[in-house]
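Enquirer: Kindly return the folded structure for what I paste below:
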Amino acid sequence: MARIAICFTGGVGQNGSAIRAAILDRMDYAGIVLDLDKNKSTRGNVEARLDQAGSRVQIWMLPTNEELIVARQTVVALNAN
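Expert: Numbering: from 1, shown residues only. Below you'll find the predicted structure:
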């Protein structure tokens, strides 16, 4: 069986509990069930699983360091010239 996950990351994914809830609203028909309490209480730089027990799809909030990603891409671009 394939394992399926939905991952939220970046500024909005890490701190936007209302946006995460809106995106996943009415997705229970597909086996996607968000735990609303976990969703509301989770934000910031902590990796967290947000799906409700019985959800067929895992839901994760994964922290990211966007500044580091941009810095690395900048170095690559500068070295390419």
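Enquirer: When you work out contacts or count neighbours from here on, use the C-alpha atoms and nothing else.
Expert: Fine.
Enquirer: Give me the contact list for the least confident helix or strand in the chain by mean pLDDT.
Expert: Every helix and strand of the chain was ranked by mean pLDDT, DSSP states H and E. The lowest is helix 10-15, at a mean of 88. Applying Cα atoms under 8 Å, 6 or more residues apart in numbering, the contact partners of helix 10-15 are 8, 19-20, 42-45, 61-66.
Enquirer: so who does the nearest residue to Asp51 once chain neighbours are set aside touch?
Expert: Nearest residue to Asp51 in three dimensions, chain neighbours excluded: Leu34, at 4.5 Å (Cα to Cα, 6 or more residues apart in numbering). Neighbouring residues of Leu34 by Cα under 8 Å, 6+ apart: 21, 24, 50-52, 55, 59.
Enquirer: out of these, what pair is the most spread apart?
Expert: By the measure Cα to Cα, the contacts of Leu34 have their two most distant members at Ala21 and Ser55, which lie 14.6 Å apart.
Enquirer: remind me which residues of the chain are low pLDDT?
Expert: Filtered on pLDDT under 70, the chain yields the residue ranges 1-2, 81.
Enquirer: let's see it at 80
Expert: For the chain, the stretches with pLDDT under 80 are 1-2, 43-44, 81.
Enquirer: residue ranges of the helices in it, please?
Expert: 10-15, 17-24, 36-41, 66-80 (DSSP state H).
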